[in-house]
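J.: Only the shape, not the letters, is given here:
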């Protein structure tokens, strides 16, 4: 069986660093950050952990329907999605994820665009 | 620059939040830049602790008076980030004046990591539960295909050594006119009916200790006395066979498609083993299987034929009448017996 990117990049010990770095960048960003204004820290971290893990083929997976429902109450525009895409790519690059693997992860992200954006 | 001035500059710049408070009034005497960055601008002389919601001032004062030390945590929002700061108060003297030194460490990262570990471990636990459930399903499936002892051996060593079981009793059953039935009805109907019948046979077999080994089309083979040897394997096989027919008789009374079987039972030796690597199956081979299969051809519809070895082991619950003979593969003749339930015994049940 082909190794997932989650395992290829060292499993949880490396992915955890990517998650926390992304968490910092999201909160500092004035486009995406406001979505997390009223959200409890534990929930944001939980969300980010599952988000990155599922994109990298780790121990989390969501059906399209679950993703749609989870984001239904948010007004996510193309700009927000694009911004998160940029932040995610920069984070992955800074943690040594190879360009072709970044493409694979961001491809999985892009595939869900229509589920969450208005 | 004096040592005191250097100290003060250091104190202002370090990444730890430091504040000095008057011990009695708990009013602020000094705080450094980091402290201000976290908790905002505050004036010297202000009541610092009023800023913190639910701060237990009495507990602080009691602890400072007794042990001279008090530790707590506070959580607040800095922009949109949830900050958690560990607060450590220590009693001290500033030129003979009693003060409290408050040292604050930012432990937000630790809290974030804790949350992440919680989240991750829940994911892993859920996955582990799913894997366990899948493993149990696979195990259940394999246990339907082979005896537990064989499964255990297969699981441990990856192979199964063929084993001789002697004596056991083999029941071989098929249906009269099966080919005609298949062409006369929809395949789905036949499969559904067979599923129904074999499920009932399996249940009967389980009740009497005669486990199904194989069911291919209309051929059903069960064995009694395997994998654990039993004294009464012949009775177990005969009891199961008689119930198979009773079940069919009852079923035929209320179903449009009539199923009539013929049964052969033989006692003797078999070899049991797993066959195949990718598509493996547990199977039994040997003289008892061949003889039971031959005896089946000798049986009239809805009757049971058995060999001498079976009949000799049957008790008085059964009757056995000679019904010709068959020629075995080695050329020898084997007497055939028609086996039925003893009427009295059947009525008593």
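T.: Received it, and whenever you're ready, just let me know what you need. What you are looking at is a predicted structure, and each value in this text was computed from that prediction instead of being measured.
J.: residues near the closest residue to residue A:4 other than its chain neighbours, how many?
T.: Nearest residue to residue A:4 in three dimensions, chain neighbours excluded: residue A:57, at 3.0 Å (Cβ to Cβ, 6 or more residues apart in numbering or on different chains). No exception for glycine: its C-beta is placed from N, CA and C like everyone else's. Applying other Cβ atoms under 10 Å in any protein chain shown, we find 18 other residues in the vicinity of residue A:57.
J.: what's the answer for the one 4 residues further on, then?
T.: When neighbours are counted by other Cβ under 10 Å, residue A:61 registers 12.
J.: is it true that it lies in a strand?
T.: No. Under DSSP: H, G, I helix; E, B strand; the rest coil, residue A:61 falls outside any strand and is assigned coil.
J.: Who are the contact partners of the closest residue to residue B:236 other than its chain neighbours?
T.: Among residues not flanking residue B:236 along the chain, residue B:224 sits closest, at 3.8 Å (Cβ to Cβ, 6+ apart). By Cβ atoms under 8 Å, 6 or more residues apart in numbering or on different chains, the residues touching residue B:224 are B:168-169, B:171, B:208-211, B:230, B:233-234, B:236-237, B:240.
J.: circling back: against chain B, how distant is the residue nearest to residue A:4?
T.: For residue A:57, the distance to chain B equals 12 Å [Cβ to the nearest Cβ, to the nearest Å].
J.: Check the secondary structure at that residue for me.
T.: Applying three-state DSSP: residue A:57 is coil.
J.: quick one, what contacts it?
T.: Contacts of residue A:57 by Cβ under 8 Å, 6+ apart are A:4, A:5, A:6, A:7.
J.: show me the contacts for residue B:109.
T.: residue A:20.
J.: sec struct for residue A:114, please.
T.: helix.
J.: and it, how many neighbours?
T.: By other Cβ under 10 Å, the residues close to residue A:114 number 10.
J.: Checking the residue in the stretch 1-150 of chain B that chain A sits nearest to next. Helix, strand or coil?
T.: Using Cβ to the nearest Cβ, the single residue of the stretch 1-150 of chain B nearest to chain A is residue B:82, 3.6 Å away. What three-state DSSP gives for residue B:82 is strand.
J.: show me the contacts for it.
T.: If you count contacts by Cβ under 8 Å, 6+ apart, then residue B:82 has A:40, A:41, B:75, B:76, B:108, B:111 around it.
J.: Let me see the confidence value for the residue nearest to residue B:236.
T.: Residue B:224 carries a pLDDT value of 95.
J.: in the sheet, who's paired with it?
T.: Per DSSP bridges, the residues bridged to residue B:224 are residue B:169, residue B:210.
J.: how far away is the residue of chain A found nearest chain B from residue B:116?
T.: Closest approach between chain A and chain B, counting by Cβ to the nearest Cβ: residue A:41, at 3.6 Å. Computed as Cβ to Cβ, to the nearest Å, the residue A:41 to residue B:116 distance reads 10 Å.
J.: So what sits opposite the residue of the stretch 1-150 of chain B closest to chain A in the bridge?
T.: Bridge pairing for residue B:82 - DSSP bridges - gives residue B:77.
J.: Look at it and report its pLDDT.
T.: Value for residue B:82, per-residue pLDDT: 91.
J.: likewise the one 5 residues further on?
T.: Note for residue B:87: predicted pLDDT of 94.
J.: Could I get the full set of strands for the stretch 1-150 of chain B?
T.: B:17-22, B:28-31, B:69-78, B:81-94, B:97-106 (DSSP state E, counting those that start in this stretch).
J.: Rebuild those as CSV, extending it with distance to residue A:74.
T.: Formatted as CSV, the strands of the stretch 1-150 of chain B follow (distance: least, Cβ to Cβ, whole Å):
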stretch, distance to residue A:74
strand B:17-22, 35
strand B:28-31, 39
strand B:69-78, 20
strand B:81-94, 20
strand B:97-106, 30
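J.: okay, now residue B:21: neighbour count?
T.: Residue B:21 has 22 neighbours, counted by other Cβ under 10 Å.
J.: Tell me the pLDDT of it.
T.: Value for residue B:21, per-residue pLDDT: 92.
J.: how much space between it and residue B:304?
T.: Residue B:21 is 98 Å from residue B:304, by Cβ to Cβ.
J.: and if you look at residue A:14?
T.: Residue A:14 is 68 Å from residue B:304, by Cβ to Cβ.
J.: Low-confidence bits of the chain, can you list those?
T.: In the absence of a named chain, this looks at chain A. Counting by pLDDT under 70, chain A contains low-confidence residues at A:1.
J.: Chain B is the one I meant
T.: B:343-349.
J.: Would you mind listing what in it touches chain A?
T.: Contact residues (Cβ under 8 Å from any Cβ of the partner chain) of chain B with chain A: B:79-82, B:109, B:111-113, B:115-116, B:118-120, B:123-124, B:126-127.
J.: buried subset of those residues?
T.: Among the residues of chain B next to chain A, those classed as buried by 16 or more other Cβ atoms under 10 Å in any protein chain shown are B:80, B:81, B:82, B:111, B:112, B:115, B:116, B:119, B:120, B:123.
J.: what sits against residue 23?
T.: All of this is about chain A. Contacts of residue A:23 (Cβ under 8 Å, 6+ apart): A:44, A:45, A:48, B:112.
J.: The intended chain is chain B.
T.: When contacts are counted by Cβ under 8 Å, 6+ apart, residue B:23 touches B:64, B:91, B:97, B:98, B:99, B:100.
J.: pretty sure the first one contacts residue B:92?
T.: In this case it means residue B:64. No. If you go by Cβ atoms under 8 Å, residue B:64 and residue B:92 don't touch, sitting 10.1 Å apart.
J.: ok, those two, which is more surrounded?
T.: More crowded of residue B:64 and residue B:92, by other Cβ under 10 Å: residue B:64, with 19 against 13.
J.: All the helices of the chain, in order from the start?
T.: In the absence of a named chain, this looks at chain A. Here chain A has its helices, by DSSP state H, at A:5-8, A:12-28, A:41-55, A:64-71, A:78-94, A:99-110, A:113-116.
J.: wrong chain, I was asking about chain B
T.: Listed in chain order (using DSSP H), the helices of chain B are B:3-13, B:33-39, B:57-66, B:108-145, B:148-157, B:178-184, B:187-208, B:233-254, B:287-298, B:308-313, B:343-348.
J.: Check the ones you listed for me and report the most buried one.
T.: Mean neighbour count (mean count of other Cβ atoms under 10 Å in any protein chain shown) peaks for helix B:287-298 among the helices of chain B, with a mean of 22.
J.: which outside residues touch that helix?
T.: Contacts for helix B:287-298 (Cβ under 8 Å, 6+ apart): B:167-174, B:221, B:262-270, B:305-307, B:323-324, B:326, B:328-329, B:334, B:336.
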